[in-house]
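A.B. asks: Could you look at this predicted model? Sequence included:
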Amino acid sequence: MKDTFKQILEDGFKKGYNPRETAEAVEWFRKKASQTRTLRNTKTSKIMRLGEDGGSNRNTFNKKQMIGRMYLFEYDPKTKNTPKLPYYDRFPLIFPIEKYSDSFLGMNMHYLYPAHRAVLMDALKGLTLESSTPERTRLQMTYNLLNKSAKYKYFKPCVKRYITENVMTDYMKIEPDEWDIALFLPLERFKGASRRKVWAESRRRYK
């Protein structure tokens, strides 16, 4: 996983692209990530392998997540295979937006068609709270803020509640300059429905 991010970033830098500077650069990184097929059939256990490089991994793994940052983790829901939860993503890519004592509300970008992820991400960037330390950059948002504006309409089918004890791995923090890469990598692992069906149902919710 880390090698995928590293290679795409290096390829972009060689072409003079910084993933957070211009719309042209953002589009290049998104397109490059969407063409990455090597992860499609890779087991999540391999993608989320911890400490495989002796600690030199640029992406850090955390026991907890923070509001407004992007994370990847493995999840095994308590209500899986029940009418209450006909399908779910085993491998969520989220921005946490609210935290509770035993769970958190997360916006899982995998529930959208890739093109709609891009539209939502472009809108969300207006909520970026920059930091002098780049890795501390995050989105400053709440559920109510997102719900009040039509420009964030794609967020609605993405919002899921995750029970903390059902999180199967530490949280892999995706750095801000990797957000647009992560959006388009084939990381979703839906159980109970195909990704096309999930995306079609999400589309019906925001149309």
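C.D. replies: That came in fine, so what should we check first? Residues are numbered from 1 along each chain as shown.
A.B. asks: C-alpha only now, for contacts and for neighbours.
C.D. replies: Will do.
A.B. asks: Quick one: low-confidence residue ranges for this protein.
C.D. replies: Using pLDDT under 70 as the threshold, the predicted model of the chain has low-confidence ranges 1-6, 12-13, 15, 17-21, 36-59.
A.B. asks: Phi, psi for the residue positioned nearest the centre of it please.
C.D. replies: Computing the C-alpha centroid of the chain and ranking residues by Cα atoms, centre = their mean puts residue 93 first, at 2.8 Å. Backbone torsions of residue 93, given as degrees, to the nearest 10, read phi -120, psi 100.
A.B. asks: how much space between it and residue 75?
C.D. replies: 11 Å (Cα to Cα, to the nearest Å).
A.B. asks: Likewise for residue 155?
C.D. replies: Counting by Cα to Cα, the gap from residue 155 to residue 75 is 20 Å.
A.B. asks: all helices for this structure, in order.
C.D. replies: According to DSSP state H, the chain carries its helices in the segments 2-14, 23-34, 44-47, 114-124, 143-148, 179-184, 195-206.
A.B. asks: For residue 101, which of the ones you listed is the nearest?
C.D. replies: Closest approach to residue 101 among those (Cα to Cα): helix 143-148, 17.3 Å.
A.B. asks: still on that earlier bit, compare residue 155 and residue 75 (neighbour count), which wins?
C.D. replies: Summary of the neighbour comparison: residue 155 and residue 75, criterion other Cα atoms under 10 Å, with residue 155 having more neighbours (24 against 19).
A.B. asks: State the number of residues packed around residue 157.
C.D. replies: 21.
A.B. asks: Residue 200 is in contact with that one, correct?
C.D. replies: No. Residue 157 is beyond contact range of residue 200, at 10.7 Å (criterion: Cα atoms under 8 Å).
A.B. asks: distance between stretch 197-207 and the chain's centre?
C.D. replies: Distance of stretch 197-207 from its chain centroid, counting by Cα atoms, centre = their mean, to the nearest Å, is 18 Å.
A.B. asks: cool, and stretch 90-106?
C.D. replies: In this view, stretch 90-106 has its centroid 11 Å away from the chain centroid, taken as Cα atoms, centre = their mean.
A.B. asks: With stretch 115-131 instead?
C.D. replies: 12 Å.
A.B. asks: isn't residue 184 right next to residue 26, touching?
C.D. replies: No. Counting by Cα under 8 Å, residue 26 is not a contact partner of residue 184; they are 11.4 Å apart.
A.B. asks: Can you work out which residues contact both of the two?
C.D. replies: Counting by Cα atoms under 8 Å, 6 or more residues apart in numbering, residue 184 and residue 26 have no shared contacts at all.
A.B. asks: Many thanks, I have nothing further to ask.
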